[in-house]
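Chemist: Next comes the sequence, and after it the predicted model I'd like to discuss.
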Amino acid sequence: MATRSLSAHHYPTKIITYGLLILWAFICLFPIYWTFSTSFKTAVNVTQGHLLPWIDFVPDWKGWRSLGLSPDTIFETSTVREEFLKRFENSVIASISASALAVLIGSCAAYGLSRFTYKFGPMQNKDISFFFLSQLILPPVVLAMPFLVLYKELALLDTRIGLILLYTLTVLPIAIWIMRDQFDTIPLELEQAALVDGCSVWGAYLRIVLPIALPGMVAAFILSVILCWNEYFFAALLTSTNAKTLPVMVASQTGSQGISWWSMAALSAAAIAPLIVIGVFLERYIVKGLTAGSVK
């Protein structure tokens, strides 16, 4: 009787909990639904705020047709589709390259902060770690003029290399933060045993530590890719033609008669689709990486 009464007592709590979770999931997913549904709307449906396809409005390929990505135009020549593919390629190359470079450098820095003791004046390991993380607080607009002048002098304006270097600096604090917590969870005795067996410090790092820290590296890489993929400010400031990325192309969907919401929605849907796939299939790595160090 006591067990049955206790279970009955928990039912209202579960209902409230799941109800709040469903509500929060709806709030989080509604913008994505709105974007995808708007890509299949006409101008009338957009202005009248119709929500449900086949109930409030009949889906139309107008938004995708304007990008040359509709079923009836996908095999035809389209300058807009070629531009989209070029911007998509720029985003892929810049995001993946910068994220890989940030994880590579960040792993080394995080390993040093986790395993060795440093002191630069009054700054010690915790202060150095906080200094790296504090770079995320700095508003991007503060760096606009210095980077614009520097890139002009170095001939890096409107180049993929310029974006890759800048994005690497942008996401490096995230990589260091995640990887340091990951390394802190790995017992030091494993490396000491490897050193006893004849491994060097680099050998123990590459053969013992990195394979164990792989979930954290994947999580840092995925988060870095997402941040680089969505970055707009510097891409709009430092690129014009050759290295322009998808976020800049999305923001440029305006004309003399206003904003083409259906075209912008179709372009946005095509841009966020890869991130959705990454999030769905690699979610466990993200969770493992972000929860590293929470239970010690």
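Modeler: Nice, thanks for sending it over.
Chemist: C-alpha from now on. contacts and neighbour counts both.
Modeler: Will do.
Chemist: how about the strands in the stretch 51-200 of the chain?
Modeler: 119-120, 123-124 (DSSP state E, counting those that start in this stretch).
Chemist: Which strands or helices does the last one pack on?
Modeler: Under the contact criterion of 3 or more Cα pairs under 8 Å, 6 or more residues apart in numbering; DSSP states H and E, the helices and strands touching strand 123-124 comprise an empty set.
Chemist: just to revisit the earlier point, what's the most buried one of the strands of the stretch 51-200 of the chain?
Modeler: strand 123-124 (a mean of 13; mean count of other Cα atoms under 10 Å).
Chemist: which other residues reach that strand?
Modeler: Thr117, Tyr118 (Cα atoms under 8 Å, 6 or more residues apart in numbering).
Chemist: Strand partners (parallel or antiparallel) of that strand?
Modeler: strand 119-120 (antiparallel) (DSSP bridges).
Chemist: So what touches the strand it pairs with?
Modeler: By Cα under 8 Å, 6+ apart, strand 119-120 touches Asn125.
Chemist: per-residue confidence averaged over that strand?
Modeler: The average of the pLDDT scores along strand 119-120 is 80.
Chemist: before we move on, what about stretch 15-31?
Modeler: Mean predicted confidence for stretch 15-31 is 90.
Chemist: will you turn the strands of the stretch 51-200 of the chain into CSV that also has distance to Ala110?
Modeler: Shown next, in CSV, are the strands of the stretch 51-200 of the chain (distance: least, Cα to Cα, whole Å):
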stretch, distance to Ala110
strand 119-120, 15
strand 123-124, 14
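Chemist: The ones you listed: which one's closest to Lys14?
Modeler: Closest to Lys14 of the strands of the stretch 51-200 of the chain, according to Cα to Cα: strand 123-124, at 46.2 Å.
Chemist: so how far is the closest one from its chain's centroid?
Modeler: 30 Å (Cα atoms, centre = their mean, to the nearest Å).
Chemist: got it, and stretch 277-287?
Modeler: 11 Å.
Chemist: neighbouring contacts of that stretch?
Modeler: So stretch 277-287 is in contact with Pro215, Gly216, Val218, Ala219, Ala220, Ile222, Leu223, going by Cα under 8 Å, 6+ apart.
Chemist: let's see 6 Å
Modeler: Pro215, Ala219 (Cα atoms under 6 Å, 6 or more residues apart in numbering).
Chemist: cool, and stretch 254-266?
Modeler: Thr35, Thr38, Ser39, Gly63, Trp64, Val250, Gln253.
Chemist: Please identify the buried residues of it?
Modeler: Ser260, Trp261, Trp262, Ser263, Met264, Ala265, Ala266 (16 or more other Cα atoms under 10 Å).
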